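Novice: here is my input; please provide its structure:
(4 chains)
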Amino acid sequence: MHGDRPESDLAIEHRVAALESILVEKGYVDPAALDVIIETYSSVVGPRNGAAVVARSWVDPDYRVWLRRDATAAIAALGFTGRQGEHMVAVENTPEEHNLVVCTLCSCYPWPVLGLPPVWYKSPAYRSRAVIDPRGVLADFGVTLDPSTRIRVWDSTAEVRYLVVPMRPDDTEDLTEAELADLVTRDSMIGAGLAGQPARVTR
Amino acid sequence: MHGDRPESDLAIEHRVAALESILVEKGYVDPAALDVIIETYSSVVGPRNGAAVVARSWVDPDYRVWLRRDATAAIAALGFTGRQGEHMVAVENTPEEHNLVVCTLCSCYPWPVLGLPPVWYKSPAYRSRAVIDPRGVLADFGVTLDPSTRIRVWDSTAEVRYLVVPMRPDDTEDLTEAELADLVTRDSMIGAGLAGQPARVTR
Amino acid sequence: MNGAQDLGGVMGFGPVVPEPEDVRFHADWEKRALALTLAAGATGAWSIDAGRHARESLHPADYLSSSYYEIWTKGLERLLVSHGLVSEEELTAGRSLEPGRPVGRVLRAADTPAALAAGSPYDRPADAPARFAVGDRVRTGNRHPAGHTRLPRYARDKHGVVEEVRGAFVFPDTSAHGDGEAPQWLYTVRFSGHELWGPDADPTLTVSIDAWENYLDAA
Amino acid sequence: MNGAQDLGGVMGFGPVVPEPEDVRFHADWEKRALALTLAAGATGAWSIDAGRHARESLHPADYLSSSYYEIWTKGLERLLVSHGLVSEEELTAGRSLEPGRPVGRVLRAADTPAALAAGSPYDRPADAPARFAVGDRVRTGNRHPAGHTRLPRYARDKHGVVEEVRGAFVFPDTSAHGDGEAPQWLYTVRFSGHELWGPDADPTLTVSIDAWENYLDAA
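Specialist: I've put the predicted structure just below:
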C-alpha cells in the first residue's frame, strides 16, 4: 500500500538525460565537470573521512578539544572541507546523552565528512519520526539505548552541519588509529548507530 | 506538475468491482441495497433539499427562529433527515459576518440537505486553505466580500453538521418560496458562494 | 494521528476548482464505491471513527495522490481485512475464497431507504456535568497521539473561547480503536485567526472546531 | 511555506529502512541528477535557498511520491524555467530550441575539485549585536509565510532556550525569493520534548533547531 512513484525509472531516466542535453547544448554546464562531480562523490568524499575525524578525536585529546571548539578548522586540518561542510559542529555522545541528527525540512547533511546522504536519511519516514520518536527510529536500526539515556536531536534547519562523535567502544586500547576508524560506521556519525556495534555489519 | 493518480481509472474500476464481488459472494452486502443507495444519492437527496430549507427561513420568521434554535428538528419538519445530518446546526450570513464550512480532517458534510459533497469540498486544496486563507478560497469561486466583513470558518471535526443560510438577495420581495429556492446554490450553503450571485451559473 | 488527512494550513495544493452542482459522480465505479462503503458499514463491524482512521492510515503519498472515492475504497479494504471479514488473498484474487463470517446485520434493499433516512445519532447521555460553559476561555492540548484523534494540528496548544456546548457525544479517540464510545461533552471552540496563524493572519478571521472535553484545559 | 517538505512529527510513513554504507547511487540517472543540480547551481543564477524553495513548492502528492533525486530533478527544471534559462517548450521537447543566455559562471572540469572543496560559506558580518545570549529563554514565532522559511511547523509558537550563538548568516526567507541576503544572527535553540509534543512525549527527549533572530521573541 506504499505510494509508488508515479513515474517509472525509465521515465525519470529520460527526463534527466533530456535535461542534461538541454543544459549542455545551451552551454550552461560542462559535461566533463559533471563527470568530476560524480567521481568526487563516488570515490573521494565519503564517510571514511568522518571516521578518520572520530578516530583522531579518540586518540588525541588535544584534537578532541579542538574539534569541540572549532570543528570546521579541526576537520579541515585532516583535509576535509567544502560544500555542505562550511560550518561544522561536532557533538559527542556520552553514556548520559545520545545525539541524533536529522534535517526535517530537506536533506541537509555534512558532505565532506559523510559523503552523500543515504536514502533513509532523506526519506519522509526518518525526517518525520526522528524528532518525535527517536527511540522508535533507533529500534529500526537495531539500536536500543538505556531508558535513562537522554536523547538530543539536532534538526539541521540552517547551514550548520552536525557530526556525531560516537562513544569509543570498550576494550579498544590496543587498536591503532586506522583500526579504530574501521569501527566508526556512517550511521554512528549520524546517531542512528553506535561505533563497533551490530549496525556496523551493514557496511 | 500536479500529483497524478498512481492508478488508472481502469485499475480502480476493477478494484471496486472485485471488492463488490467478494462482499456479495460472502453475503455481507445485498446487491439490490447498493442500487437503492446509489439511487438515493443520485436522485433523491441533494442540495435542493437545503435550498428549500433556506427559502423557508427567508419567508417564514417563525421557521427561521426554529431553524436557529433546533436545526435538526426544523429541517426534519421539511422531510430531510438521516445519515450525516443527525446533528444539524444552521448558521446565518449577515452583512457583518460570512460563514464558511470545511472539514479539514476528512469530508464531513450535511448529506440530507446538500447531498454528496462535490470533489472540491473533499480536495486537499480546499481543506488546507479554507481555515488559513478563506478569502483566497472565495476568490477561486469568484466571490469577493467587503474587506470589513468578518469571516467565520466552521471546521466540522465532530458529528455536528453545518448548513450556511446565505443572505436573501435584494429585490426578491415578489418571488415565491419556490423561486427563492432556485436562487440558493449549493455553494452558497457551504459559504463558498452567495445566493443568486454569479456562482449560481455553475448549477 | 498526524497523518496526511490533517490538512488545515498545509500549502502547495493549488487553487480550488469549482464544480457544477448537478454533477453527482464522475464514473460508475464511484457509485459502487460509495454504496459498498455504506453497505459494509451497515454490518456494524466497525464504527464511523474506525472508518475514518482506516483512511487516514494510508501512506501519505497514497492518500494525497488518490481521489476521495479511491481513499474510501482503500480504507474499506483495510477495514475488511483488519476485522477478519475478507483476507488479503481474496483481495488479491479479486474473488471470495471461503464463505463469509457472520455479521451483525446485512442491509437489505427494502430496509435501505429507512436506514439512510434514520441515520445514526452520535449523542449519548452524559454521566457528568459539562466542565465548561459558553464564554469560558480554554486551551487545547498539545496532543500527538499515534491513534485516531479529531483535534487538528493547527488548533493544538491554542487559546479559544467556548461558543456552544453541544451535548455529550461518542469519543472518536477510543471508538476508532474498539475501546468503547466513552461519551464526552463536545464544545464548539472559536479561535481568532491571529491565535492560529500569527500576526500576519487575516484580521477578520475566526475559526472554530468541535472539541471533546478531553482536548481542552481551562485557560 | 507549510509544504510537504515540513515533515517533523508527521505520521504514517512506516519504518526507516537502513542501507549499507557503501551504496552511493541506485541508478546512473541519480549520478547525473546530482551533478546537473550542482553544476547548474554553480552558474550562480539562484541561491541555495531558492533551490530548496523550488523543491518544497512541488505539489505535496508529487513531493511525497518522488525519490529525493527525482525531487531535485523536478526542482531544477522549475528553477531553470523560472529564471528564464530554459523554456517549458524545451523541457517538453527534451532538447534545446534556442541558444543559451549568458550566465554568471560555467563550472569547468578543471575547476570543479577546487570549487567543491571550497564550498560557499553562509556566515556574514553582523551589522548589529546579537539580541539573545546563551541561556536566554525565547519563544518561536507563530509564522506561516506563503514563501520559504526554515522554522518548521512543529517548533513554532514554542518556548526554548538559546544554547549556542552561531554568528550572522544569510536569511533564507529573503534569499530564497531574490530579496537579498539580509544576514541575521543564528541561534541553536533547544526545546524539551514535552514542549514540542505534549505530556506524552519521551521524557528524555530534547530537540534543537537552528533559528534566525527574526523567528524568535524573548520569553
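Novice: neighbours around the residue lying closest to residue C:106 once chain neighbours are set aside, how many?
Specialist: Among residues not flanking residue C:106 along the chain, residue B:30 sits closest, at 6.0 Å (C-beta to C-beta, 6 or more residues apart in numbering or on different chains). Heads up, the C-betas are built off the backbone N, CA and C, glycines and all. When counting by other C-beta atoms under 10 Å in any protein chain shown, one arrives at 20 neighbours for residue B:30.
Novice: mind checking pLDDT for residue B:30?
Specialist: With respect to pLDDT, residue B:30 scores 97.
Novice: just the one 10 residues further on next, same as before
Specialist: Residue B:40 is assigned a predicted lDDT (pLDDT) of 97.
Novice: tell me the phi and psi of it?
Specialist: Phi and psi for residue B:40, reported as degrees, to the nearest 10, are phi -60, psi -50.
Novice: what's the helix or strand for the residue nearest to it when sequence neighbours are not counted?
Specialist: Using C-beta to C-beta, 6+ apart and skipping residues adjacent in sequence, the residue nearest residue B:40 is residue C:116, 5.7 Å away. Element membership for residue C:116 (DSSP states H and E) is helix C:112-118.
Novice: regarding residue C:166, what is its secondary structure?
Specialist: strand (DSSP: H, G, I helix; E, B strand; the rest coil).
Novice: report the central residue of chain C.
Specialist: residue C:52 (4.4 Å; C-alpha atoms, centre = their mean).
Novice: is the worst-scoring helix or strand of chain A on mean pLDDT anywhere near chain C?
Specialist: Least confident helix or strand, chain A: helix A:9-25 with a mean of 94, by mean pLDDT, DSSP states H and E. No - Helix A:9-25 lies out of reach of chain C by C-beta under 8 Å from any C-beta of the partner chain, never closer than 15.7 Å.
Novice: which strands and helices lie in contact with that helix?
Specialist: Applying 3 or more C-beta pairs under 8 Å, 6 or more residues apart in numbering or on different chains; DSSP states H and E, one finds that helix A:9-25 makes contact with helix A:31-39, helix D:28-41, helix D:68-82, helix D:88-93.
Novice: quickly list the domain ranges of the chain.
Specialist: Using chain A here. A:6-43, A:46-190 (automatic domain parsing).
Novice: meant chain C, my bad for not saying
Specialist: As assigned by automatic domain parsing, chain C contains the domains C:28-118, C:137-218.
Novice: wait, the residue nearest to residue C:106 sits on residue C:108?
Specialist: Yes - contact criterion C-beta atoms under 8 Å: residue B:30 and residue C:108 qualify, at 5.1 Å.
Novice: so what pLDDT did residue 83 get?
Specialist: Unless you meant another one, I'm taking chain A. 95.
Novice: could you do chain C instead?
Specialist: 97.
Novice: sorry, back to before: quick check: the residue nearest to residue C:106 vs residue B:37, distance?
Specialist: Going from residue B:30 to residue B:37 by C-beta to C-beta, to the nearest Å gives 10 Å.
Novice: residue C:160 too?
Specialist: On the measure of C-beta to C-beta, residue C:160 and residue B:37 end up 38 Å apart.
Novice: residue 196 - how many residues pack around it?
Specialist: No chain in the question, so chain A it is. By other C-beta under 10 Å, neighbour count at residue A:196 equals 21.
Novice: please refer instead to chain C.
Specialist: Using other C-beta under 10 Å: residue C:196 sits among 25 other residues.
Novice: who's in contact with the helix or strand it falls within?
Specialist: Using DSSP H and E, residue C:196 falls within helix C:193-197. Here helix C:193-197 makes contact (C-beta atoms under 8 Å, 6 or more residues apart in numbering or on different chains) with B:131-132, C:9, C:154-155, C:158-160, C:201-207, D:142, D:144.
Novice: try it again with 7 Å
Specialist: With contact meaning C-beta atoms under 7 Å, 6 or more residues apart in numbering or on different chains, helix C:193-197 is reached by B:132, C:154-155, C:158-159, C:201-203, C:205-207, D:142, D:144.
Novice: which one of these is nearest chain A?
Specialist: residue D:144 (14.7 Å; C-beta to the nearest C-beta).
Novice: tell me who's in contact with that closest one.
Specialist: B:132, C:9, C:197, C:198, D:2.
Novice: among these, which ones are buried?
Specialist: In terms of neighbour count (16 or more other C-beta atoms under 10 Å in any protein chain shown), the buried residues within the contacts of residue D:144 are B:132, C:9, C:197, D:2.
Novice: helix, strand, or coil at the closest residue to the first one other than its chain neighbours?
Specialist: Nearest non-adjacent residue to residue B:132, counting by C-beta to C-beta, 6+ apart: residue C:9, 4.7 Å away. Classification of residue C:9 using three-state DSSP returns coil.
Novice: tell me how far residue C:9 lies from chain A.
Specialist: Applying C-beta to the nearest C-beta, to the nearest Å, the value for residue C:9 to chain A is 16 Å.
Novice: is that residue in contact with residue B:133, as I believe?
Specialist: No - with contact defined as C-beta atoms under 7 Å, residue C:9 and residue B:133 do not form a contacting pair (9.1 Å).
Novice: next, the contact list for the most centrally placed residue in chain A, please.
Specialist: Nearest to the geometric centre of chain A sits residue A:114, at 4.2 Å (C-alpha atoms, centre = their mean). Contacts for residue A:114 (C-beta under 7 Å, 6+ apart) come out as A:47, A:50, A:186, A:189.
Novice: so which of those comes closest to chain D?
Specialist: residue A:186 (4.5 Å).
Novice: would it be right to say that residue A:90 lies in a strand?
Specialist: Yes - assessed by three-state DSSP, residue A:90 belongs to a strand.
Novice: quick check: the nearest residue to residue C:202 once chain neighbours are set aside vs residue C:199, distance?
Specialist: Nearest non-adjacent residue to residue C:202, counting by C-beta to C-beta, 6+ apart: residue C:193, 5.2 Å away. Going from residue C:193 to residue C:199 by C-beta to C-beta gives 10 Å.
Novice: ok, those two, which is more surrounded?
Specialist: residue C:193 (23 against 10).
Novice: so whichever residue of chain C sits closest to chain A is in which element?
Specialist: Using C-beta to the nearest C-beta, the closest approach of chain C to chain A is made by residue C:61 at 2.5 Å. Using DSSP H and E, residue C:61 falls within helix C:60-64.
Novice: give me the mean pLDDT for that helix.
Specialist: 98.
Novice: please apply the same query to stretch A:90-102.
Specialist: Rounded mean pLDDT across stretch A:90-102 is 98.
Novice: check stretch A:186-194 too.
Specialist: Throughout stretch A:186-194, pLDDT has a mean value of 98.
Novice: now swap in stretch C:36-54 and tell me
Specialist: 98.
Novice: then stretch A:117-124?
Specialist: 98.
Novice: how distant is stretch A:83-98 from the center of its chain?
Specialist: Here the centre of stretch A:83-98 is set off from its chain's centre by 10 Å, with C-alpha atoms, centre = their mean, to the nearest Å.
Novice: correction: stretch C:37-55
Specialist: Worked out by C-alpha atoms, centre = their mean, stretch C:37-55 lies 10 Å from the chain centre.
Novice: try stretch A:53-61
Specialist: 18 Å.
Novice: which other residues reach that stretch?
Specialist: A:63-64, A:67, A:75, A:78, A:113, A:163, A:165-166, A:168, A:177, A:180-181, A:184, A:189.
Novice: let's see it at 8 Å
Specialist: Stretch A:53-61 is contacted by residues A:63-64, A:67, A:74-75, A:78, A:80, A:90, A:113, A:163, A:165-166, A:168, A:177-178, A:180-181, A:184, A:189, A:195 when judged by C-beta under 8 Å, 6+ apart.
Novice: tell me the mean pLDDT for the helix or strand just after the helix holding residue C:196?
Specialist: In the C-terminal direction, the helix or strand that comes right after helix C:193-197 (DSSP H and E) is strand C:205-212. Confidence for strand C:205-212, expressed as mean pLDDT, is 98.
Novice: between strand C:205-212 and strand B:88-92, how many degrees?
Specialist: Put simply, strand C:205-212 runs at 170 degrees to strand B:88-92, going by axes from the mean of the first three to the mean of the last three C-alpha atoms, to 10 degrees.
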